[in-house]
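1. Build the 3D model from these lines:
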Amino acid sequence: MSLIVSSTADCQYIVIRIPANSYGGGSGYQGGTPLTVKVSLLDSFYEFTVATTASDVVTLVSPNQVGGGEHGLFLVEAILDGNVVGKAGALLACDVLCCIASKMEELLDCDCDCNKCSEHFVEAQKIFLLLKTAESQLDTSYLNSPTLSQIHAIIDSAREKYETAQDMCAGHCGCNC
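-> Below you'll find the model as predicted:
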């Protein structure tokens, strides 16, 4: 089953889209077994049921509904008759983006002759590249019709990169300075 998952730019919502053709919907579809959608972060989760209709199902979920934190890589699963039939990940990384922005501000304040500046620049680059790699992995996780276990491995790899970027920002106040 195909799940298309993203987040809003302000990290306030996870956008979950389940295309009608992935569950047999479409023109003339009369409806069928409802889908359970589970959104989780670490040990916290939020489950809800959606009716399958002739058109795509689109739902917004707030990280507060899930619990466990406002940022991170959220796992979204579609469950039909007790079986996981689709998986995807949504990365809410405004914390890391704010860290990068703050590091860039520090670079702008740095004297160009200062060796310290190159350290800040290299660190900001690493954080940015880790974040972009995680995003790219999630964006391409549906290509080539991967199995559920392959999708899960891609999500785990993206989570590792996000958490490494987050660790590199540890102790940084981000956007709340």
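2. how close does the closest residue to Ala93 other than its chain neighbours sit to Gln137?
-> Once flanking residues are discounted, Ala93 sits nearest to Leu131: 5.8 Å by Cβ to Cβ, 6 or more residues apart in numbering. No exception for glycine: its C-beta is placed from N, CA and C like everyone else's. According to Cβ to Cβ, to the nearest Å, Leu131 and Gln137 sit 11 Å apart.
3. Tell me the buried residues in stretch 67-74?
-> Neighbour-count burial for stretch 67-74, counted by 16 or more other Cβ atoms under 10 Å, picks out 71-74.
4. I meant to write stretch 139-153 there.
-> 141-142, 151-152.
5. Next step: these restricted to helices.
-> Counting by DSSP state H, the buried residues of stretch 139-153 place 151-152 in helices.
6. Need the max-distance pair from the buried residues of stretch 139-153.
-> Tyr142 and His152 (12.9 Å; Cβ to Cβ).
7. about what we covered before: pull up the overlap in contacts between Leu131 and Gln137.
-> Lys161 (Cβ atoms under 8 Å, 6 or more residues apart in numbering).
8. about what we covered before: so which of the buried residues of stretch 139-153 would you say is closest to Asp56?
-> Of the buried residues of stretch 139-153, the one sitting nearest to Asp56 (Cβ to Cβ) turns out to be Tyr142, at 15.1 Å.
9. surely the closest one meets Ser2?
-> Yes - here Tyr142 reaches Ser2: they are 6.7 Å apart, a contact under Cβ atoms under 8 Å.
10. Can you flag which of the buried residues of stretch 67-74 belong to strands?
-> 72-74 (DSSP state E).
11. List just the nearest of the residues you listed to Val96.
-> Of those, the one sitting nearest to Val96 (Cβ to Cβ) turns out to be Gly72, at 10.1 Å.
12. any idea how far the spatially closest residue to that closest one that is not a sequence neighbour lies from Glu123?
-> The spatially closest residue to Gly72, leaving aside those adjacent along the chain, is Leu41, at 5.2 Å (Cβ to Cβ, 6+ apart). The gap separating Leu41 from Glu123 is 26 Å, by Cβ to Cβ.
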